[in-house]
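Undergrad: no sequence on this one, just coordinates:
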């Protein structure tokens, strides 16, 4: 008998039960039909056995908290009180895994599996259990009856494992909670992994997301010689939670054109009768891997540099395939109703419970598991030597090799005295990144959304090109099929490819305009959650940090304007677990070098570094920069005035960020010049998390040290790179918080010059001086004349920018230590 | 003579200048070649004149701050000190505008123009000036020589207008600062606008972004009968800032397959000789509009419901077409070097300045503008009766019709006493939204990423279907070609289509899982900036608010787990201009109704409403809810204990959000029961911005009122929906801030039950009681026994959830006003 689960057809199952909600039909065991194809009957039976076993174990995870092998009829107490996980996508995931194992064994592949569809965790979990990965990784889940029970119990149960693929899932390198990033993670994993094959299942719902829609083009960056292969498998099961999918309902020829237009050769596997589908899937898998092998041979042996038309599979099978066809009178299998839990009331409704039991038994568990609950031989034989669930590529920390980093000090600019020279900070960093790139030709990549040169990292192009597998136009420059810079005008692609690269144990940098990093807020959130959660998974090893270089930042958007002004990524980052987030605001080129050296040595953080690309004064020598960055914050003695040891200053000028540091120093110069009696302390902050209390962040400064720096009772005027409230949020528990006055960015954009921009936000030197005068007790009266002079100076400067379209020279040409105030012409 | 600007060929221009940096070649005036096609010679000359005029005006904006019509040779002072704006995309934008005007006039179209390519502002600005839109809107920029000078001067100049399309651009409805959203805005504008044609130019760089890549599928939601038409024009000028584009370098047949796969019929316009390109563009424009008219007739007259294969144009023309072919020895026209400013040193380098002058003169301005600087007749004749730059559709506030809203009170649930009943709040809202939908069949839409039913808004489907122009499968439900719910598994598409709909004066709601709204953080930022900036543009009218309904929120993610927990969108929103952002946390169904009624009546805000979809107790009657929401926050007398008028309580229990309110009330009940002497005030906050000082937000509560509510010296225990620091950031300037203790969400996810989730974050009733005991002076000693009992109760509750997979009944079944503490079994 063949399966009757035709999603377009009627059901002719034997078992019909009727409950209060209408007809219920349980699935019946099926006998594999005869189907021609590459699989022998024994192979067909074997692969189908794996599929049934994995499906059984998936249903078990979703429903059972006891009685895992149905030794007795199911009772209410065997069923979890809350039924979670999505069955709809699981049979497809298990089908792919079963067939991947066949080709892995046949071809000796080094393969990993990326599960894109949402909440499909039961599938990969089940296959990992069959592969004994749990026993290897988590001794309390052996591959026997007790282990099966524990395995079922903990799925989507308090204190247990999530319903989607996650750090807890053996063999997963993709956080499946938020949809859209599977293909990017797959491609990122394949880069620089020439022997790797990544089977990437993409949900047809997930495929509607923008990031996934754009990420098909990642094949334009995959070099058949240098990189591994990705086998995208579009799981076209036609439905999302409540709707059909676009890709399922558009005319099939259009779908084929779309996928061919993305550069793929789609192989269609379609059906609802297991045997022919197995044969079709085996055929498609072989065709894919043959084709991949041919392309890789052509590239590696014949030097063929043209981008291949990589193969992919469209797996068109029923949603919730093998689940109850009808529940409470509604068609379920093959419809959106199979998306989540097909029998929602199995604990309380005896009819549902009976259908559940028949459903479980339809997989014939007695053929699949022995008396001890262990998988039978036909399953064990299918476990590859290197199972996907135990491939170290998916636990990338196992494979990390430290970068060979040149000594950053040798790239430092010479700073004879503070402010004596100026440089483009990111350009200086670029000279070091050039040599990092050259020294680490197989495990370091730089990603940028068409902004590498704009962000002044062009020196990197002296030693490599931009990764490009397409035609090269006559006037194109710096493109290379083996380029170690990936540039594509998609922040999503940059982030996703880098994540995939990091998750598999390699290193990289993402350089981005500051405002537009918000485009990947949610991807960052998910990666941060992966990092945090994997700290709690004992067998997960730390992976290289996710390093951002945010430049073209908020304070230098004079021509790009309001839309390019947003320093709020720092706020998004600060909300994540203190165990894994770090924020650095180096004030000049040498501190940027020191900071980045630290970042590229670190593991398992998200390091956010904000630095300008415009020429800007240098303040610290290499030695001073190293010391300052090690401390994370500190007093700049040379910028203080009368801040004698053992005394308390009248005011503290604090700053974080390059432009705020410049303005704060210019304010300090004015104060020193014009109010020589005022005792001014100058504090610069590189490592923003030092502002947090020590019990809130590993970098948090102990209260006593914080108080020693910022005093307990003197006004603190703090010039900050981002939204001012972030500093308050970090410091509200500090003793002197009520004296803290922060100037930062507030939304009030218009087209400006650089100085106009800081003036608009009261972050300019003049306003900082006014802030000091207004906050130091008695000073407003004492320095009334100076205050008026400064107020006038601001007006003059503002007027100048509006008239001349440039900063007033007395500001533009200012250098430390001269104080300079524009006077009426 | 024909143009010699073949991007693949050599240049044979007459004018060659040599400077220090290598050869410089200026463009030369061209004579239109003879080219066959639909345009008569006169039409060809006319459309080319428009193109030249717009190009001249574009170059003028980028470079000139004086001497707009070159009455004298250019001198340094005529050139702006900072050269901004991107010329590369401008000739293409102007070409489309010129040809759009022809078909608008010929066919009497009602059309708007969306410019996707980055920093292409000079083009639409120029066309608007030619159409006299500035004179209409901004009297200081008349269409004469003085106006031209002012128009040039203010472009990308301090205090002036941005370099990309923005609220300041007449006729723009698309904020062009961040790339990727043009096509979504175009489709959003076309929905429910049956007579509208949207010409949407998409940059080939922009096309690499994920959101744009996904948004081609917006054609699956466009009904040829109900909606207008979008004409996508892919500006394939081959280059981004520094790289070729993917779409330009992939094989042309692949590009055609891709676009056909997206469901379009691409018409290719290719070339670099103006005359044949004009003829090809005219042919393509006519073909598009003929095809559109045919489809619309078929739908409107013959009732044809199949989704048409809509036409689109691929405009393959050189980057920076008509700019200097060679600058400093580098090929510029037709390469990435033309992307930004082709002659970067025109102010300081006399050779560049000379080339700039020849470039400007190559457009033959003397033929285009009369002695007064006004456009000549051949240009004026091309201005349509309703020019795109003055189409009210692009200033949607002009077209707003208030919604016909049913009285929300009639949908309220009956709440005889607080907590006596419970409802799914969003479901109650859904019954009201159903009737909002029914009463406003042409200007209200609901958007959701496949979550409408999951978010309990299914009642809406009683009066409409889901918009769907594809095939309908046998088991698909609730799909309709005229559906007023747009569901697509892409937050980007939901947001972008809704933005386009709002920007053109209609109303809508975006219902989304709370965690995944971060996917559109950056789109929200850009829309918020549009709203804020347009308040400063005198002729812009307020548009309907952007209404979010965030549900499936952080506190009810027990099964979806850690990846679905993120309340941080509130932090992103709070960073935007107080003039346009509002955040509401209604505690129950009736307050949600009242809040949403307010939101749908409001204009020009981003309203973020967070509400649960799970059954939850109702606290306020309709009348109480209306009053409470009007106040935005207030004391709930019935939940206070011994909070007598004229006295100060011992402690304030504050809360914002539905789950925090429930827990805070349960804590209040325990305190009342077990510490009857304690004076407890209970304050609930609906409108989060009330927490800000009055000078920081229009909704900010004056300090005196805040102090009256929260006291100046008593501990405040505040149970908060989001990250706790947000409340601190809002209140750090309040008198009693140092006594404020906020419990909210912190990253520490695991799989939980609902009560386990709040316990993990110390937001649970028991911990709130412990907080009170620990913070009220002397109470810790006095109530030591109770404290221990509560600590034990928490442990019992935690253990229960881990064992049973469900909340402990004493919590799950708890109802106000009984206090209930689990005791050891």
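TA: Looks like it arrived, so ask away. Nothing here was measured: the structure is a model prediction, and the numbers come from that model. Numbering: from 1, shown residues only, chains lettered A, B, ... in the order given.
Undergrad: looking at this, residue A:509 is in a strand?
TA: Yes. Assignment of residue A:509 by DSSP: H, G, I helix; E, B strand; the rest coil places it within a strand.
Undergrad: quick one: it from chain B, how far?
TA: Distance, residue A:509 to chain B, by CB to the nearest CB, to the nearest Å: 17 Å. To be clear about C-beta, it is placed using only N, CA and C from the backbone, and glycine gets the same treatment.
Undergrad: same question for residue A:293.
TA: For residue A:293 relative to chain B (CB to the nearest CB), the value is 23 Å.
Undergrad: cool, residue A:456 as well?
TA: 12 Å.
Undergrad: backbone dihedrals for the residue nearest to residue A:771 when sequence neighbours are not counted, please?
TA: With CB to CB, 6 or more residues apart in numbering or on different chains as the criterion, residue A:771 has its nearest non-adjacent residue at 4.6 Å, and that residue is residue A:717. Note on residue A:717: backbone dihedrals following degrees, to the nearest 10 are phi -100, psi 120.
Undergrad: then residue A:478?
TA: Torsion angles at residue A:478 (phi, psi; degrees, to the nearest 10) stand at phi 60, psi 20.
Undergrad: if I read this right, it contacts residue A:461, doesn't it?
TA: Yes. At 4.8 Å, residue A:478 counts as touching residue A:461 under the criterion of CB atoms under 8 Å.
Undergrad: list the contacts of stretch A:451-458.
TA: Residues outside stretch A:451-458 that contact it (CB atoms under 8 Å, 6 or more residues apart in numbering or on different chains): A:424, A:426-427, A:429-430, A:433, A:446, A:448, A:460-461, A:466, A:485, A:487, A:511-513, A:549, A:551-552, A:613, B:241-242.
Undergrad: contacts only, for residue A:764.
TA: Per CB under 8 Å, 6+ apart, neighbours of residue A:764: A:663, A:755, A:758, A:794, A:797.
Undergrad: so which residues on the stretch 351-500 of chain A come close to chain B?
TA: With CB under 8 Å from any CB of the partner chain as the criterion, the stretch 351-500 of chain A comes near chain B at residues A:450-454, A:466, A:468, A:470-477, A:479, A:487-493.
Undergrad: can you flag the buried ones in those?
TA: A:450-454, A:466, A:468, A:470, A:473, A:475-477, A:479, A:487-493 (16 or more other CB atoms under 10 Å in any protein chain shown).
Undergrad: work out for me the element the most centrally placed residue in chain A sits within.
TA: Closest residue to the average C-alpha location of chain A: residue A:527 at 3.6 Å, with CA atoms, centre = their mean. Assigned by DSSP states H and E, residue A:527 belongs to helix A:521-534.
Undergrad: packing partners for that helix?
TA: helix A:491-503, strand A:546-551, helix A:569-574, strand A:606-610, helix B:521-534 (3 or more CB pairs under 8 Å, 6 or more residues apart in numbering or on different chains; DSSP states H and E).
Undergrad: winner for burial among those?
TA: Mean neighbours per residue, mean count of other CB atoms under 10 Å in any protein chain shown, is largest over the helices and strands packed on helix A:521-534 for helix A:491-503, with a mean of 29.
Undergrad: state the pLDDT value of the residue in the stretch 101-250 of chain A that chain B sits nearest to.
TA: In the stretch 101-250 of chain A, no residue comes nearer to chain B than residue A:177, which is 2.3 Å away by CB to the nearest CB. At residue A:177, the pLDDT value in this model is 90.
Undergrad: what about chain A, any weak spots by pLDDT?
TA: A:1-21, A:819, A:824-825 (pLDDT under 70).
Undergrad: domains for chain A, by residue range?
TA: A:16-398, A:404-616, A:635-812 (automatic domain parsing).
Undergrad: which bits of the stretch 701-825 of chain A sit near chain B?
TA: Contact residues (CB under 8 Å from any CB) of the stretch 701-825 of chain A with chain B: A:723, A:725-726, A:728-729, A:732, A:737-738, A:747-753, A:756, A:801-802, A:804-806.
Undergrad: mind checking how far stretch A:183-194 is from the chain centre?
TA: 14 Å (CA atoms, centre = their mean, to the nearest Å).
Undergrad: cool, and stretch A:812-822?
TA: Using CA atoms, centre = their mean, the offset of stretch A:812-822 from its chain centre is 43 Å.
Undergrad: ok, stretch A:676-684 next?
TA: Between the centre of stretch A:676-684 and the centre of its chain there are 42 Å (CA atoms, centre = their mean).
Undergrad: verify the stated contact: residue A:471 with residue B:247.
TA: No. With contacts counted by CB under 8 Å, residue A:471 stays clear of residue B:247, the gap being 11.9 Å.
Undergrad: neighbouring contacts of whichever helix or strand residue A:626 is part of?
TA: Under the criterion of DSSP H and E, residue A:626 resides in helix A:622-631. Applying CB under 8 Å, 6+ apart, the external contacts of helix A:622-631 come out as A:408-409, A:412, A:415, A:586, A:588, A:590-591, A:593-595, A:598, A:620, A:634, A:684, A:686-687.
Undergrad: so which of the residues you listed sit within strands?
TA: In this view, these that belong to strands under DSSP state E are A:634, A:684.
Undergrad: which residue is the nearest non-sequential neighbour of whatever residue of the stretch 551-700 of chain A ends up closest to chain B?
TA: When scored by CB to the nearest CB, the stretch 551-700 of chain A has residue A:563 as its residue closest to chain B, at 2.3 Å. Nearest-residue entry for residue A:563: residue B:177, 2.3 Å, with adjacent residues in sequence omitted and distances by CB to CB, 6+ apart.
Undergrad: neighbours of residue A:153, how many?
TA: When neighbours are counted by other CB atoms under 10 Å in any protein chain shown, residue A:153 registers 18.
Undergrad: do the same with the one 10 residues further on
TA: Residues within reach of residue A:163, counting by other CB under 10 Å, total 28.
Undergrad: need the contact list for it.
TA: A:84, A:85, A:86, A:119, A:121, A:122, A:155, A:156, B:559, B:560, B:561.
Undergrad: what about the third one, how many neighbours?
TA: The number of residues packed around residue A:86, counting by other CB under 10 Å, is 24.
Undergrad: excluding chain neighbours, what is closest to it?
TA: residue A:119 (3.8 Å).
Undergrad: how about the second one?
TA: Nearest in space to residue A:85, with sequence neighbours left out and distances taken as CB to CB, 6+ apart, is residue A:163 at 4.1 Å.
Undergrad: where's the one you found relative to residue A:90, distance?
TA: 11 Å (CB to CB, to the nearest Å).
Undergrad: equivalent analysis for residue A:156, please.
TA: Note on residue A:156: its distance to residue A:90, by CB to CB, is 13 Å.
Undergrad: between the two, who's got more neighbours?
TA: With neighbours defined as other CB under 10 Å, residue A:156 and residue A:90 compare such that residue A:90 has more, 32 against 25.
Undergrad: who in the stretch 551-700 of chain A is up against chain B?
TA: A:558-564, A:566, A:568, A:571-572, A:574-577.
Undergrad: next up, the contacts around the residue of the stretch 101-250 of chain A closest to chain B.
TA: Applying CB under 8 Å, 6+ apart, the residues near residue A:177 are A:118, A:162, A:164, A:166, A:526, A:529, B:560, B:561, B:562, B:563, B:564.
Undergrad: which helix or strand contains it?
TA: Counting by DSSP H and E, residue A:177 is found in no helix or strand.
Undergrad: which of the helices and strands packed on helix A:521-534 sits closest to residue B:107?
TA: Across the helices and strands packed on helix A:521-534, residue B:107 has its closest neighbour in helix B:521-534 (30.2 Å, CB to CB).
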